[in-house]
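**Q** coordinates only, sequence not included:
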């Protein structure tokens, strides 16, 4: 085992002793040529749905009003 591998293993062992476990997650590949356009498409869909949902708009307005005093 190389020095780097041993150091990484030592770090991982310490994390496990601290009660953590490794997980693998899959995320969108931002390098794909159509990534930006797909983001725009999904954003437009969400914006249209949000505008059509008056209950959601009311909930968001109430949540925003409830934030008074949270920041300096």
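**A** Everything's here; your move. These figures come from a predicted structure and were not determined experimentally.

**Q** now do the helices in the chain.
**A** With DSSP state H as the criterion, the chain has helices at 3-17, 35-52, 54-65.

**Q** who touches the first one?
**A** It stands for helix 3-17. For helix 3-17, contacts defined as Cβ atoms under 8 Å, 6 or more residues apart in numbering pick out 1, 22. Backbone N, C-alpha and C define where each C-beta goes, glycine included.

**Q** picking that back up, relative to residue 28, which of the helices of the chain is closest?
**A** helix 35-52 (6.6 Å; Cβ to Cβ).

**Q** packing partners for the closest one?
**A** The contact analysis (3 or more Cβ pairs under 8 Å, 6 or more residues apart in numbering; DSSP states H and E) places helix 35-52 against helix 54-65.

**Q** contacts for the helix it packs on, please.
**A** Helix 54-65 is contacted from outside by 50, 51, using Cβ under 8 Å, 6+ apart.

**Q** tell me the buried residues in it?
**A** Buried residues in helix 54-65, counted by 16 or more other Cβ atoms under 10 Å: none are found.

**Q** give me the angle between it and helix 35-52.
**A** Counting by axes from the mean of the first three to the mean of the last three Cα atoms, to 10 degrees, helix 54-65 lies at 100 degrees to helix 35-52.

**Q** quick one: mean pLDDT for helix 54-65?
**A** If you average the pLDDT over helix 54-65, you get 86.

**Q** and it, how far from the chain's centre?
**A** Helix 54-65 has its C-alpha centroid displaced from the chain centroid by 22 Å (Cα atoms, centre = their mean, to the nearest Å).
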